[in-house]
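>>> Predicted structure and sequence below. I'll ask about it afterward.
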Amino acid sequence: MVSHLLKNYEVVVIGGGAAGLSAALYSARRGLTTILISPEIGGQAGTTFEIENYPGRGFVTGPELMMDFKLQAEASGTEFLLTEAVGLEKIDQQFLVKTPTENIPAVAVILAFGLTPRKLNLPEENNFLNKGLSYCATCDGPLFKNKIVAVIGGGPAGLEAAEYLGRLAAKVYLIARADKLTGEEVIKEKITANSKIEIIYQTEIKQIIGEGQVEQIVISKKVGEQIEEQVLKVNGVFVKVGYLANSTWLPDFIARDEKGQIITNKDTETNCPGVFAAGDITDIDYKQIVISAGEGAKAALRAYQYIQKTPRLGTDWGKK
């Protein structure tokens, strides 16, 4: 394998989701030597079965949409390195992006690595990973066709997973901590209309049981003023309890908020000149594919102006 150290990149994009792929596309189309670093392509969007709100596409699966993003960025000249970024250094006016195998120099860096699925923090959780426990319904759902599964989480991600799995599995338990579901009404309607999906409110998962494979879960359910435990026989558990901003690998000179999200201004600029950030890893309010894609494009355009040392473009309208 030819080391990427042999090439000087103007832009390194970290992250393979909607924001990162969009940033890479716009960067490469501006004629900047661009490489995208990510252990996988697609991000959260790539794990979503049904996308119906991306403008101009109607219904499309997440993997299909993200593959289109990737092919377009690739056709525009983006190079890809399928590994994780583990460090970032600033050397004079340039940067060094560290991976487990090599360090890659860059004039500008775009941070777009999204969020990491939140775990249940059960002591046995890691033991069942890929043995019936999954964080991605789209990836692993087909393995549980005609089986019994539980989805942990009553938020938007949990609803999407339950709705998708309800098409494949014989039975889906949707475990919600609150007394109601939160998410898009159209998804709620599909869930309540599916007799294979049973919603269990005000409930938490306490334990996963099995001999080398998920076989049962123990749940704690609020019934009136009492807490009752119940054992459910399941073949699989899909964890959808939110996401974390895993940004601890970044250096201290990149400002983050109390959640670990990268702080940016309206132009995707961080507090460090030459480092831009886009998508769900930033402190923007709305975590949507179309917004991440737009922020990624914006970051690339700002990176281009930074590298070319050109002034910001003003509007050609308004008060004279």
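Alright, I've got the coordinates. Numbers count the residues shown, from 1 in each chain.
>>> neighbours around the residue lying closest to Thr61 once chain neighbours are set aside, how many?
Leaving aside its sequence neighbours, Thr61 sits nearest to Phe49 (Cβ to Cβ, 6 or more residues apart in numbering; 5.8 Å). In short, each C-beta sits where N, CA and C put it, glycine included. Residues near Phe49, counting by other Cβ atoms under 10 Å, number 18.
>>> Contacts only, for Phe49.
61-62, 137-138, 141, 160, 164 (Cβ atoms under 8 Å, 6 or more residues apart in numbering).
>>> CSV please, covering those and showing pLDDT, distance to Ile227 and secondary structure.
Output for the contacts of Phe49, formatted as CSV (pLDDT from 0 to 100; distance: Cβ to Cβ, whole Å; DSSP: H, G, I helix; E, B strand; the rest coil):
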residue, pLDDT, distance to Ile227, secondary structure
Thr61, 90, 40, coil
Gly62, 90, 37, helix
Ala137, 90, 28, helix
Thr138, 84, 34, helix
Gly141, 92, 31, helix
Glu160, 92, 29, helix
Tyr164, 94, 31, helix
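>>> now the helices for this structure?
Using DSSP state H, the helices found in the chain span residues 18-29, 62-75, 137-140, 156-165, 185-193, 289-308.
>>> got TSV for those, with distance to Gly42 and mean neighbour count too?
Shown next, in TSV, are the helices of the chain (distance: least, Cβ to Cβ, whole Å; neighbours: other Cβ atoms under 10 Å):
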stretch	distance to Gly42	mean neighbour count
helix 18-29	9	30
helix 62-75	4	18
helix 137-140	9	20
helix 156-165	15	26
helix 185-193	20	14
helix 289-308	11	22
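>>> List the contacts of Val234.
Residues near Val234 by Cβ under 8 Å, 6+ apart: 132, 148-150, 173, 214-217.
>>> let's see 6 Å
For Val234, the contact set (Cβ atoms under 6 Å, 6 or more residues apart in numbering) comprises 148-150, 217.
>>> Hmm, Gly15 is touching Val109, no?
No - in terms of Cβ atoms under 6 Å, Gly15 does not count as a neighbour of Val109; the distance is 10.8 Å.
>>> Neighbours of the residue lying closest to Tyr304 once chain neighbours are set aside, how many?
Residue nearest to Tyr304 in three dimensions, not counting chain neighbours: Arg30, with 4.6 Å by Cβ to Cβ, 6+ apart. Around Arg30 there are 19 other residues, counting by other Cβ under 10 Å.
>>> thinking Arg30 is in contact with Gln305, fair?
No - with contact defined as Cβ under 6 Å, Arg30 does not reach Gln305; the gap is 9.6 Å.
>>> What does the pLDDT read for the residue nearest to Thr61?
Looking at Phe49, its pLDDT is 78.
>>> And for Gln226?
For Gln226, the pLDDT comes out at 87.
>>> ditto for Lys287
pLDDT for Lys287: 89.
>>> Ok, Lys320 next?
50.
>>> show me the contacts for the most centrally placed residue in the chain.
For the chain, the residue nearest the mean C-alpha position is Gln44 (3.2 Å; Cα atoms, centre = their mean). Applying Cβ under 6 Å, 6+ apart to Gln44 gives the contacts Gly114.
>>> do Arg177 as well
Glu204.
>>> and what of Asn103?
Counting by Cβ under 6 Å, 6+ apart, Asn103 has contacts Leu96.
>>> Tell me the spacing between it and Thr34.
According to Cβ to Cβ, to the nearest Å, Asn103 and Thr34 sit 17 Å apart.
>>> how many other residues sit next to Thr310?
Thr310: 9 neighbours (other Cβ under 10 Å).
>>> State the phi and psi torsions of it.
phi -100, psi 150 (degrees, to the nearest 10).
>>> how far away is it from Thr78?
Thr310 is 22 Å from Thr78, by Cβ to Cβ.
>>> Show the contacting residues for Val239.
Applying Cβ under 6 Å, 6+ apart, the residues contacting Val239 are 120, 135, 152.
>>> quick one: low-confidence parts of the stretch 201-320 of the chain?
Residues of the stretch 201-320 of the chain that meet the criterion pLDDT under 70 lie in 312-320.
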